[in-house]
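J.: Kindly return the folded structure for what I paste below:
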Amino acid sequence: MKFVIAVFATIVMGSGADAFSAGVRKSARVASVSVKDKIAGELDLPCEDECALESFPNMPPSVHPGVVTGQALIDLLEDAKSRGYAIPAVNCVSSSGINACLEAARKNDAPIIIQFSSGGSQFYGGKGLDNKNYAAAIAGAVSGAFHVRTMAEQYGVPVILHTDHCAKKLLPWVDGLLAASERYYEKHGEPLFSSHMIDLSEEPIEENIEICKDYLKRFSKIGMLLEMELGITGGEEDGVNNEDVATEDLYSKPEEIYQVYEELTPISDMFTIAAAFGNVHGVYSPGNVKLEPKILTRAQAYIAEKLGDKAPVDKKPVKFVFHGGSGSDVNDIQEAIGYGVIKMNIDTDTQWSYWEGIKNFEEKWHDYLQGQIGNPEGPEKPNKKYYDPREALRAAEVNTVKRLNQCFADLRCVNILGLGIAKEAENVLGPRRGGLPV
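T.: As a prediction, this is how the structure comes out:
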């Protein structure tokens, strides 16, 4: 345990990043990654089966099991755009939720994006920890990042490690995470996180772009991707409330998207755009929101025309992100993918699936969960195996995996890696004595 803590401290608190030279990207990783280069190698953890792979049968050779950054990240996103799938991006607030995501990704033979919001990061760090200057949110996100980095390799899937919405007032949170990534880069040649989102959609577009340019310059030195939001996603999520936003602000204009593309591209190609096409966060009834995915294809055509001979062959120069994906009609989702969407955010639906798993567990075993002793089998019968938190949490994970299976299918993100069907886990310790069969 002392060894692991020492490694963690060395990685996070390593020397500064003053020596970075502009445009340096040691994290390009065009060559595949060997076991010795992984967290498993550093911590002397077992790395067998898919974990030990250096690349995947159906992916670019740079894409490997574990967290991908730099060129491997770009190659993965380009693969999604060219093959016509989008990667589910799931907001997580616990290690249990992260494990459910990794399990679902391997079951679907696919990559996944695991992301933290500022509020989710604070919760991960613990609500009993002071969050002055976003200290708890920074520590929580860093802790979650190391959990993802350790376990993603073990599950044998490529993972993009991302943070979600960062409004202007939250920039100190991302600054803290960026500093951690720069220290990690000094030791490992890649950033701790794959990417961060800077959400300045409520600011004037000129200010939005200028601040994003400053961050992209710093990101590009360590092989990190920037996700920027243009236009406003309606609804409410994690303290960001746009329920009363003007309708016209829910739809981005091609000229605005081109303005972003034109100003960011000279700095780096490592950016995506979360353009607004009627997206709404949260829960809504069908018909209450009018998505207009064709906004995206009009923007692609407009930018491709501006680029002329420099436009990519597919005439889709922009990698788009679909925010507010929960509850969306599958036809709108798949239409948007055809226009260059390579990522869709999922939060509301997986929050419900996690809770529903617990709810159904409680309903099934209700009479066994009313006290430590005494149930329908007798007044002296113990109930420990029912109220053990592992039982309800595992039920939540199983239900979330089930919901994510639908997400992967909707996003055409199934059988992507070429690993085939996942084998059943061999639980060598056997069933827990007195435990339930979950």
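
J.: In contact with R412, which residues?
T.: With contact taken as CB atoms under 8 Å, 6 or more residues apart in numbering, R412 is in contact with 84-86, 334, 337. Every C-beta, even on glycine, is put in place using the N, C-alpha and C of the backbone.

J.: Would you check how far apart it and P88 are?
T.: 11 Å (CB to CB, to the nearest Å).

J.: For the protein, which segments are assigned as strands?
T.: 66-67, 87-91, 112-116, 158-163, 195-198, 225-230, 235-237, 240-242, 271-275, 320-322, 341-346, 373-375, 378-382 (DSSP state E).

J.: any chance of those strands in JSON lines, plus mean neighbour count, mean pLDDT and distance to L436?
T.: JSON lines is the format used below for these (neighbours: other CB atoms under 10 Å; pLDDT from 0 to 100; distance: least, CB to CB, whole Å):
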{"stretch": "strand 66-67", "mean neighbour count": "26", "mean pLDDT": "98", "distance to L436": "32"}
{"stretch": "strand 87-91", "mean neighbour count": "25", "mean pLDDT": "97", "distance to L436": "26"}
{"stretch": "strand 112-116", "mean neighbour count": "27", "mean pLDDT": "98", "distance to L436": "28"}
{"stretch": "strand 158-163", "mean neighbour count": "26", "mean pLDDT": "98", "distance to L436": "30"}
{"stretch": "strand 195-198", "mean neighbour count": "24", "mean pLDDT": "98", "distance to L436": "39"}
{"stretch": "strand 225-230", "mean neighbour count": "25", "mean pLDDT": "96", "distance to L436": "41"}
{"stretch": "strand 235-237", "mean neighbour count": "20", "mean pLDDT": "45", "distance to L436": "34"}
{"stretch": "strand 240-242", "mean neighbour count": "18", "mean pLDDT": "44", "distance to L436": "39"}
{"stretch": "strand 271-275", "mean neighbour count": "24", "mean pLDDT": "96", "distance to L436": "42"}
{"stretch": "strand 320-322", "mean neighbour count": "27", "mean pLDDT": "95", "distance to L436": "38"}
{"stretch": "strand 341-346", "mean neighbour count": "27", "mean pLDDT": "96", "distance to L436": "28"}
{"stretch": "strand 373-375", "mean neighbour count": "15", "mean pLDDT": "98", "distance to L436": "13"}
{"stretch": "strand 378-382", "mean neighbour count": "10", "mean pLDDT": "97", "distance to L436": "13"}
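
J.: Just send the ones you listed back as JSON lines, with distance to R298 too.
T.: Shown next, in JSON lines, are the strands of the chain (distance: least, CB to CB, whole Å):
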{"stretch": "strand 66-67", "distance to R298": "35"}
{"stretch": "strand 87-91", "distance to R298": "24"}
{"stretch": "strand 112-116", "distance to R298": "26"}
{"stretch": "strand 158-163", "distance to R298": "27"}
{"stretch": "strand 195-198", "distance to R298": "24"}
{"stretch": "strand 225-230", "distance to R298": "14"}
{"stretch": "strand 235-237", "distance to R298": "24"}
{"stretch": "strand 240-242", "distance to R298": "23"}
{"stretch": "strand 271-275", "distance to R298": "11"}
{"stretch": "strand 320-322", "distance to R298": "12"}
{"stretch": "strand 341-346", "distance to R298": "14"}
{"stretch": "strand 373-375", "distance to R298": "62"}
{"stretch": "strand 378-382", "distance to R298": "64"}
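
J.: Tell me which of those approaches H366 most closely.
T.: Of all these, it is strand 373-375 that lies closest to H366, at 10.0 Å by CB to CB.

J.: where does this protein dip in pLDDT?
T.: Scanning the chain for pLDDT under 70 picks out 1-32, 232-250, 280-289, 325-327, 430-434, 437-438.

J.: Next, the contact list for the spatially closest residue to G41 that is not a sequence neighbour, please.
T.: Distances taken as CB to CB, 6 or more residues apart in numbering place V35 nearest to G41, at 5.2 Å, with adjacent residues excluded. Contact analysis of V35 by CB under 8 Å, 6+ apart lists 41, 47, 51-52, 54.

J.: May I ask which two of these are separated the most?
T.: G41 and E54 (12.1 Å).

J.: which neighbours do the two share?
T.: 34-35.

J.: want to try TSV for the contacts of V35, with neighbour count as columns?
T.: Converted to TSV, those look like this (neighbours: other CB atoms under 10 Å):
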residue	neighbour count
G41	14
C47	22
C51	19
A52	15
E54	14
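
J.: For the residue lying closest to V159 once chain neighbours are set aside, the count of nearby residues, please.
T.: Spatial nearest neighbour of V159, excluding adjacent residues (CB to CB, 6+ apart): A152 at 4.1 Å. As a burial measure, A152 scores 29 neighbours (other CB atoms under 10 Å).

J.: A152 contacts A145, doesn't it?
T.: No - using CB atoms under 8 Å, A152 is not in contact with A145, being 10.4 Å away.

J.: Relative to A139, which of the strands of the chain is closest?
T.: Using CB to CB, the nearest of the strands of the chain to A139 is strand 112-116, at 11.7 Å.

J.: Name the strands paired with the closest one and say parallel or antiparallel.
T.: strand 87-91 (parallel), strand 158-163 (parallel) (DSSP bridges).

J.: Could you dump those strands into a markdown table and include distance to K315?
T.: As requested, these are exported to a markdown table (distance: least, CB to CB, whole Å):
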| stretch | distance to K315 |
| --- | --- |
| strand 87-91 | 22 |
| strand 158-163 | 25 |
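
J.: Can you tell me which of the ones you listed is nearest to L76?
T.: strand 158-163 (6.2 Å).

J.: which residues touch that closest one?
T.: Contacts of strand 158-163 (CB under 8 Å, 6+ apart): 56, 59, 63-68, 72-73, 76, 87, 89, 102, 105, 111-118, 121, 141, 145, 148-149, 152, 174, 177, 192-197, 227, 417.

J.: measure S143 to V174 for me?
T.: Distance, S143 to V174, by CB to CB: 16 Å.

J.: Comparing the two, which residue is more hemmed in?
T.: Ranked by neighbour count (other CB under 10 Å), S143 and V174 place V174 first, with 22 against 18.

J.: Neighbours of G84, how many?
T.: G84 has 15 neighbours, counted by other CB under 10 Å.

J.: so it touches G338, yeah?
T.: Yes - at 6.6 Å, G84 and G338 qualify as touching, with contact defined as CB under 8 Å.

J.: what about the residue lying closest to P158 once chain neighbours are set aside, how many neighbours?
T.: Ranked by CB to CB, 6+ apart and with sequence neighbours excluded, the top spatial neighbour of P158 is P111, at 4.4 Å. By other CB under 10 Å, 25 other residues sit near P111.

J.: cool, D214 as well?
T.: With other CB under 10 Å as criterion, D214 counts 12.

J.: For it, give its distance to R183.
T.: D214 is 20 Å from R183, by CB to CB.

J.: and what of D164?
T.: The value you get for D164 to R183, if CB to CB is used, is 22 Å.
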